[in-house]
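Chemist: Please find the sequence and the predicted model below.
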Amino acid sequence: QVPQRENVIVQEYIDKPLLLDGFKFDLRVYVLVTSCNPLRIFIYKDGLVRLSTQAYTLPTNSNLDQHFMHLTNYSINKHSEAFDRDEDFDKGSKRSLKYFNGWLIRNGYNVSELWARIHDVIIKTLIVAQPHLQHCYQACRPGSHDKCQCFEILGFDVLLDNTLRPWLLEVNRSPSFGTDSQLDVQIKLGVITDALRLVNIKATDKQRKLLSQRTASRRRLLQIGSVKSSRMPLDFIGEHEDAALTLERKKEEVKSRLYQIRQDKELENFEDDNMGDYSRIFPSPDPQRQLVYKSLLVDAARIGFSSKTESRQSLIRGLEKMKEKDLLELLSQYESDERFGGLPTTSQSLSDTASSSLKSIQPLSFYESSPMEAELRAMAEREHEEEQTQRTMLALNGLEFSYPGKDKDEVKKVVEEVQSDWQNNRSAVGSFWLHTLDSTKRKQLLIPMREMVRNLLHTHWRTALLDSIRLNKVFVRLFNFFLANHGQGLWSSFPGGTEEHWEKQFRKKSDVLSLTEIHCCRRIVQLVQATVIAAKHYYQEQQIKRKSQKSSNPPSLLTRRYSDVPIRPPTVYATRRTSVVHLYGRSKSRSVPSVTASTSFPKIQSSPFVS
């Protein structure tokens, strides 16, 4: 009877084992695991056959204590007086697997079928342990996404019954590499030498890994880009940006899978050239068997990592079944959706930087209270500012054209129609912006856009001190530039003018804009241009409506007001000391400075002045 509090191992005794020369034996199979995620398993083609030192008979109560007959452990049988220390590989109490394979063939056994069964036992055993191995590896090396930095040589002890069915006795995590005989030297030296060649250890790996660890530690210290969360709080994500972030995550999954496929191909080519006496058993060369093993891996991962969302797991499982060609087509489809969705696609570098903006960012106040050196804190603030600027760029691309009291689709259609026939509409838009609107009305027209941009910054930067943010200062300069020279700053950015005039002006400053800031400003320019075009269109509609009402109900002479007198655009005649300004059909003289230089404004047809 086993005591209740005693730890024991319960095993099934195989009473009809396969016998070799009348002795019970087991096989020591050396297995190399080069990676736990993805799982890669190799088996060494040679190994040890360890025989008991007493002829086997069926177990009875009288012989159960005869360890030299029932147990095959080398550590036990080497103490037997009958232990044969013959140095030949085909004799003695310790022999090689190569000899055993020959013995099987001579006795009519199917060697290929036997080893297929042994491989199956080894693979399924490691699949069960894979989630635990991966968890331990990630706990020891958090944030490591490069190739696996660890490997393990395992010793599988396998017993065969008389039907040639393999039974797993145990797995030795640290098998003995002691060399008590020349056979040990020959086999174990090859196991170690070929394993080191296969894992491709280089002298520079340590320096590269240490540098990577220092960089990761610094990023964790500065709280830059948490790897545990790739989403902002929902309170800070708009509907369009949320869709954009989801699309970006899908793209990253596809890119990651593509990268993994190509890395696996390179790795397989290297392994094929450097395996020596090892052979790869997982991934399985048999596609059908591989599908079975993949299913078991998914089940093991579901048990070991039950906290992961099912949707993400289903996406990953779907990608794992796709080939490289299918993944490229899917990635192309995502990029097409991104373009039509209004996301930034100006350049490849822009899309690359946008993908990095999917990280969780600490507010700037974190760095003000962080006990770091001034240089590190300044570097952290710069990196934080750049990532937030990229996020702002993504949000700006999600903004749509709008006009008070009008449908967005209608406004978008109006803007597109004017832009498609810009040559014929340019003069009318310019006349409206430069002549119809005075400086006050131009400023009022841009106020909603300024407030929208300011609210966007407040939402994404999560700080009330917007005036201290560099990007806000850039936007303030940009809006001031729009209104400079009586609106000529914005007008010069329209097609047909010096479209890059504002960029040239900004680049003359000592504080040069980054590429991301330039793209943010370009988007604001597009939105402001659309605002002016829409305002001109609806103002013109309103004027036509007023004229039609006046023509249908003309006022009498008694009730006609002074304000109904037709308004003419102001005409300035430059003289040496005075100028005459005609207003409402009357003239008035006043002293003004003489005009010494002509403006370079575009020639715009005049239109009615706003009363």
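Modeler: Okay, I see it. Residues are numbered from 1 along each chain as shown.

Chemist: Pretty sure residue 171 sits in a strand.
Modeler: Yes - using DSSP: H, G, I helix; E, B strand; the rest coil, the assignment for residue 171 is a strand.

Chemist: show me where pLDDT drops low in the stretch 251-400 of the chain?
Modeler: Along the stretch 251-400 of the chain, segments meeting pLDDT under 70 span 304-321, 334-381.

Chemist: now the helices for it?
Modeler: Using DSSP state H, counting those that start in this stretch, the helices of the stretch 251-400 of the chain run over residues 287-304, 310-320, 324-340, 348-356, 364-369, 374-398.

Chemist: The top strand by length along the chain: how far from the chain's middle?
Modeler: Looking across the chain with DSSP state E, the single longest strand is strand 23-36. Here the centre of strand 23-36 is set off from its chain's centre by 38 Å, with C-alpha atoms, centre = their mean, to the nearest Å.

Chemist: What strands flank that strand, and is each parallel or antiparallel?
Modeler: Note on strand 23-36: by DSSP bridges, its sheet partners are strand 19-20 (antiparallel), strand 39-44 (antiparallel), strand 48-51 (antiparallel), strand 152-160 (antiparallel).

Chemist: quick one, phi psi at residue 86?
Modeler: Main-chain dihedrals, residue 86, degrees, to the nearest 10: phi -60, psi 140.

Chemist: Residue 395 is nearest to which of the strands paired with strand 23-36?
Modeler: Nearest to residue 395 among those is strand 39-44 (40.8 Å), distances taken as C-beta to C-beta. For glycine as for every other residue, the C-beta is placed from the backbone atoms N, C-alpha and C.

Chemist: residues making contact with that closest one?
Modeler: 29-34, 119, 122-123, 126-127, 130, 190-191, 194, 198, 275, 277-283, 297 (C-beta atoms under 8 Å, 6 or more residues apart in numbering).

Chemist: Make CSV from the strands paired with strand 23-36 and add distance to residue 327, mean pLDDT and mean neighbour count to it.
Modeler: Shown next, in CSV, are the strands paired with strand 23-36 (distance: least, C-beta to C-beta, whole Å; pLDDT from 0 to 100; neighbours: other C-beta atoms under 10 Å):
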stretch, distance to residue 327, mean pLDDT, mean neighbour count
strand 19-20, 50, 95, 17
strand 39-44, 21, 95, 22
strand 48-51, 44, 95, 23
strand 152-160, 31, 96, 19
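
Chemist: Out of these, the one nearest residue 12 is which?
Modeler: Among these, strand 152-160 sits nearest to residue 12 (C-beta to C-beta), with 10.5 Å.

Chemist: For the closest one, output the C-alpha coordinates as PDB.
Modeler: Presented in PDB, the C-alpha positions along strand 152-160 are these (Å, rounded to 0.1, in the frame of the first residue of the first chain):
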ATOM      1  CA  GLU A 152      18.400  21.500 -26.000                       C
ATOM      2  CA  ILE A 153      19.700  18.000 -26.500                       C
ATOM      3  CA  LEU A 154      17.200  15.500 -25.000                       C
ATOM      4  CA  GLY A 155      17.600  11.800 -24.300                       C
ATOM      5  CA  PHE A 156      14.500   9.800 -25.100                       C
ATOM      6  CA  ASP A 157      14.400   6.300 -23.600                       C
ATOM      7  CA  VAL A 158      12.200   4.000 -25.700                       C
ATOM      8  CA  LEU A 159      11.200   0.400 -25.000                       C
ATOM      9  CA  LEU A 160       9.900  -1.900 -27.700                       C
END
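
Chemist: Distance to residue 391 added to the strands paired with strand 23-36, as a markdown table?
Modeler: A markdown table is the format used below for the strands paired with strand 23-36 (distance: least, C-beta to C-beta, whole Å):
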| stretch | distance to residue 391 |
| --- | --- |
| strand 19-20 | 69 |
| strand 39-44 | 37 |
| strand 48-51 | 60 |
| strand 152-160 | 42 |
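
Chemist: For residue 64, which of the ones you listed is the nearest?
Modeler: So among the strands paired with strand 23-36, strand 152-160 is nearest, using C-beta to C-beta, at 17.5 Å.

Chemist: Pass me the low-pLDDT residue ranges in the stretch 51-200 of the chain, would you?
Modeler: In the stretch 51-200 of the chain, residues with pLDDT under 70: 142-148.

Chemist: which stretches of it form strands?
Modeler: 94-96, 152-160, 166-172 (DSSP state E, counting those that start in this stretch).

Chemist: Pull out the buried positions in the last one.
Modeler: Buried residues in strand 166-172, counted by 16 or more other C-beta atoms under 10 Å: 166, 169, 171.

Chemist: Pull up the pairing partners for it, direction included.
Modeler: Neighbouring strands of strand 166-172 in its sheet, by DSSP bridges, are strand 152-160 (antiparallel).

Chemist: need the strands of the stretch 51-200 of the chain in TSV with distance to residue 108, can you?
Modeler: As requested, these are arranged in TSV below (distance: least, C-beta to C-beta, whole Å):
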stretch	distance to residue 108
strand 94-96	19
strand 152-160	15
strand 166-172	18
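
Chemist: which other residues reach stretch 271-282?
Modeler: 32, 39-46, 119, 122-123, 126, 190, 193-195, 197-198, 200, 268, 293.

Chemist: That one: how far from the chain's middle?
Modeler: 32 Å.

Chemist: And that stretch, what's buried?
Modeler: 271, 275, 278, 280, 281, 282.

Chemist: same question, stretch 73-82
Modeler: Applying 16+ other C-beta under 10 Å to stretch 73-82 flags 74, 77 as buried.

Chemist: then that stretch to PDB, C-alphas only?
Modeler: Below are the C-alpha coordinates for stretch 73-82, written out as PDB (Å, rounded to 0.1, in the frame of the first residue of the first chain):
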ATOM      1  CA  ASN A  73      19.400   1.400 -17.000                       C
ATOM      2  CA  TYR A  74      23.200   1.600 -17.700                       C
ATOM      3  CA  SER A  75      23.800   3.200 -14.300                       C
ATOM      4  CA  ILE A  76      22.400   0.000 -12.700                       C
ATOM      5  CA  ASN A  77      23.700  -2.700 -15.000                       C
ATOM      6  CA  LYS A  78      27.300  -1.400 -15.100                       C
ATOM      7  CA  HIS A  79      27.600  -2.700 -11.500                       C
ATOM      8  CA  SER A  80      26.600  -6.200 -12.600                       C
ATOM      9  CA  GLU A  81      29.400  -8.800 -12.800                       C
ATOM     10  CA  ALA A  82      27.900 -10.000 -16.100                       C
END
